[in-house]
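**Q** sequence unavailable; structure follows:
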């Protein structure tokens, strides 16, 4: 029994660590393919199309047991799926892979840590809107909010460092091979860090907006994998429309190398099917904050890969800035945990008050 309990704790940990390593590895391969001539828009269309084909059957099988409680598909739900597909798939991936083409995987890893920062800022905006409409109060002195504010400031400082400070090379090499002749690429030459970082930050912001829409959608349509499938389908269609407008050259749509085809299949399988299912499973079993805890593991993987395999590609500024962003990321997550504890304590105290209040009128009548 103890061995089973240990396995239930160790296995999810191993799975998430492996998933973060896979993600960084696929990002490096995608950087290589895009630098060697593959259009990022074509890459997005092919990966989303294949992911949608693979995801639809698995999503319907995963919800087969809930047939009796199947939710009705309304126009309001369709509009929500449309916005999730537009913002969470089309815009996010367009910004992401364009940003990758102008930068490197370490910058992708860094800017992805801005996701909880944008989440917190958007939640504050929504709370202020609720306060104005319902005339309630927001306790800015609560420990949870204060910790998250500190995390946001640390994250912004890390983003500034990784954007504007490069510093010396971590592992300089005396003979620098031309990157076009290398089997794998980690960064572009020349690197457009400001543009790449801005696009990657925009990708995190788009994903944050999509995350808020998803949370509200799940309250009406509590079937997460079906929601992901519908959103992926709509996002794929929108990606195809945008890509056809931008990439009018037919030759750009031809897959010229077998390794590009393998990359598309792996990206669709891991990023479009395996990862969403694992996230849904671990969110249900371990809680909503379990999966985000492993995001900073990508910093270690990206740094290790760059140091071991890519000389003259990684600067100290990237490592320092990304590490600061990781610290800010964990600080914001910790603030969310503190905020959830405060809300739970408030709910418990209000329930105890509700139990005591009905006794008062009885005593007064006596």
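**A** Thanks, I have the structure now. This one's a predicted model, so the numbers in the text were calculated from it and none came from an experiment.

**Q** what's the neighbour count on residue 195?
**A** 14 (other Cβ atoms under 10 Å). Placement of C-beta: from N, CA and C, glycine included.

**Q** what ranges does the protein have for its strands?
**A** With DSSP state E, there are no strands along the chain.

**Q** okay, now the unreliable bits of the stretch 151-300 of the chain?
**A** For the stretch 151-300 of the chain, residues meeting the criterion pLDDT under 70 lie at 173-184, 188-191.

**Q** now the helices for the stretch 1-150 of the chain?
**A** Remark: helices assigned in the stretch 1-150 of the chain by DSSP state H, counting those that start in this stretch are 2-35, 40-62, 75-83, 92-101, 105-112, 115-134, 143-164.

**Q** which stretch in those is the model least sure about?
**A** Lowest mean pLDDT within the helices of the stretch 1-150 of the chain: helix 115-134, at a mean of 77.

**Q** out of the helices of the stretch 1-150 of the chain, nearest to residue 281?
**A** With Cβ to Cβ, the closest approach to residue 281 among the helices of the stretch 1-150 of the chain belongs to helix 2-35: 8.6 Å.

**Q** which parts of the closest one are buried?
**A** In terms of neighbour count (16 or more other Cβ atoms under 10 Å), helix 2-35 has its buried residues at 12, 16, 19-35.

**Q** from the contact counts, what lies against that helix?
**A** helix 40-62, helix 92-101, helix 105-112, helix 258-269, helix 275-286, helix 297-309 (3 or more Cβ pairs under 8 Å, 6 or more residues apart in numbering; DSSP states H and E).

**Q** just name the most buried of these.
**A** Ranked by mean neighbour count, the helices and strands packed on helix 2-35 are led by helix 105-112 with a mean of 27 (mean count of other Cβ atoms under 10 Å).

**Q** what packs against that helix?
**A** Going by 3+ Cβ pairs under 8 Å, 6+ apart, helix 105-112 lies up against helix 2-35, helix 92-101, helix 143-164, helix 193-220, helix 297-309, helix 316-356.

**Q** re earlier: pipe the helices of the stretch 1-150 of the chain into a markdown table and attach distance to residue 272 per row.
**A** Listed next are the helices of the stretch 1-150 of the chain as a markdown table, based on distance: least, Cβ to Cβ, whole Å:
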| stretch | distance to residue 272 |
| --- | --- |
| helix 2-35 | 11 |
| helix 40-62 | 2 |
| helix 75-83 | 16 |
| helix 92-101 | 11 |
| helix 105-112 | 17 |
| helix 115-134 | 19 |
| helix 143-164 | 28 |
